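Colleague: From the sequence below, what's the structure:
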Amino acid sequence: MTPIEYVQLKAFARQDGALLALLWVATFLLYIIGVSNQLLGLAAFFLMCYTPFFVGERLGKFRDYGREGVISFRRGYAYTVFVFFYGGVLFAIAQYLYFAYMDHGFLLSQFSKMVTSEEMQQVLKQYGMTQMVDESLREMANTRPIDYALNMLTINISLGFILGLPLGLIMQRSVKRVNTEK
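Modeller: I've put the predicted structure just below:
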């Protein structure tokens with residue numbers, strides 16, 4: 001890969017990483033709202049599951065428009081890792097800002113409300129999990145916003161390394177396809 005090709009790869013990955021971050025922010029907002037509205041929580045789940053397809057679609061556009069229809073596995077893998085890295089960094093910043101300045105304990109109070117309901121208390125007692133859930137809630141209360149953000153950043157970057165393998169294999173193309181339709 002020449003230096004110019006490397007710059008091109010990173011430029012496309014930065015743009016698509018920003019788009020991925022927007023997708024993740026929308027998913028996160030739907031998740032936060034979905035704690036009290038199950039339909040929106042389900043929408044957040046589907047958006048989260050759409051992530052690899054979204055990145056695969058963007059990789060296809062990079063291959064077809066930026067690489068003129070040809071891309072190696074290595075370049076596709078590197079592109080995917082960079083997209084997840086840039087998207088992860090932007091999403092971590094957004095998540096930090098949410099937990100540091102906007103949440104004010106909302107998510108923790110929603111979880112606490114769910115766990116302290118009469119039905120849930122019976123289930124927790126039946127399975128002997130009351131103490132574990134109480135400890136988990138205390139741990140969540142003591143977790144700093146930067147810890148949430150760094151945790152998600154690590155997960156998202158790791159996801160890029162993992163999903164880069166199948167996406168790079170599926171999207172590689174060594175010969176430019178010719179469009180015969182006129």
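
Colleague: For the rest of this, base every contact and every neighbour count on C-alpha atoms.
Modeller: Noted.

Colleague: chain center to stretch 5-20, what's the gap?
Modeller: 16 Å (CA atoms, centre = their mean, to the nearest Å).

Colleague: which other residues reach stretch 12-32?
Modeller: Stretch 12-32 has contacts (CA atoms under 8 Å, 6 or more residues apart in numbering) with 40-41, 43-45, 47-48, 51, 54-55, 58, 62, 79-80, 82-88, 90-91, 94-95, 107.

Colleague: for residue 48, what are its contacts?
Modeller: Contacts of residue 48 by CA under 8 Å, 6+ apart are 24, 27.

Colleague: Tell me how far it lies from residue 84.
Modeller: Using CA to CA, to the nearest Å, residue 48 is found at 13 Å from residue 84.

Colleague: Now for those two: what residues contact both?
Modeller: With CA under 8 Å, 6+ apart as the test, residue 48 and residue 84 reach no residue in common.

Colleague: Could you list the buried residues of the lengthiest helix in the chain?
Modeller: Ranked by residue count, the top helix of the chain under DSSP state H comes out as helix 3-34. Within helix 3-34, the residues that count as buried by 16 or more other CA atoms under 10 Å are 9-10, 12-14, 16-28, 30-34.

Colleague: Stretch 47-65 now?
Modeller: Quick answer for stretch 47-65 (16+ other CA under 10 Å): 47-48, 51-52, 54-56, 58-60, 62-64.

Colleague: Do a quick rundown of the helices in this structure.
Modeller: 3-34, 38-61, 73-97, 106-115, 118-127, 130-142, 145-171.

Colleague: would you turn the ones you listed into a markdown table with mean pLDDT?
Modeller: Formatted as a markdown table, the helices of the chain follow (pLDDT from 0 to 100):
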| stretch | mean pLDDT |
| --- | --- |
| helix 3-34 | 94 |
| helix 38-61 | 95 |
| helix 73-97 | 96 |
| helix 106-115 | 85 |
| helix 118-127 | 86 |
| helix 130-142 | 87 |
| helix 145-171 | 95 |
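
Colleague: Please report the distance of residue 143 from residue 89.
Modeller: Taken as CA to CA, the span from residue 143 to residue 89 is 19 Å.

Colleague: The two - which one has more neighbours?
Modeller: Shown here are residue 143 and residue 89; by other CA atoms under 10 Å, residue 89 has more neighbours (22 against 11).

Colleague: In contact with the residue nearest to the more buried one when sequence neighbours are not counted, which residues?
Modeller: In space, and not counting its chain neighbours, residue 89 is closest to residue 153: 6.2 Å by CA to CA, 6 or more residues apart in numbering. Neighbour list for residue 153: 88, 89, 91, 92 [criterion: CA under 8 Å, 6+ apart].

Colleague: Tabulate those (TSV), appending distance to residue 70.
Modeller: Formatted as TSV, these follow (distance: CA to CA, whole Å):
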residue	distance to residue 70
88	27
89	28
91	30
92	32
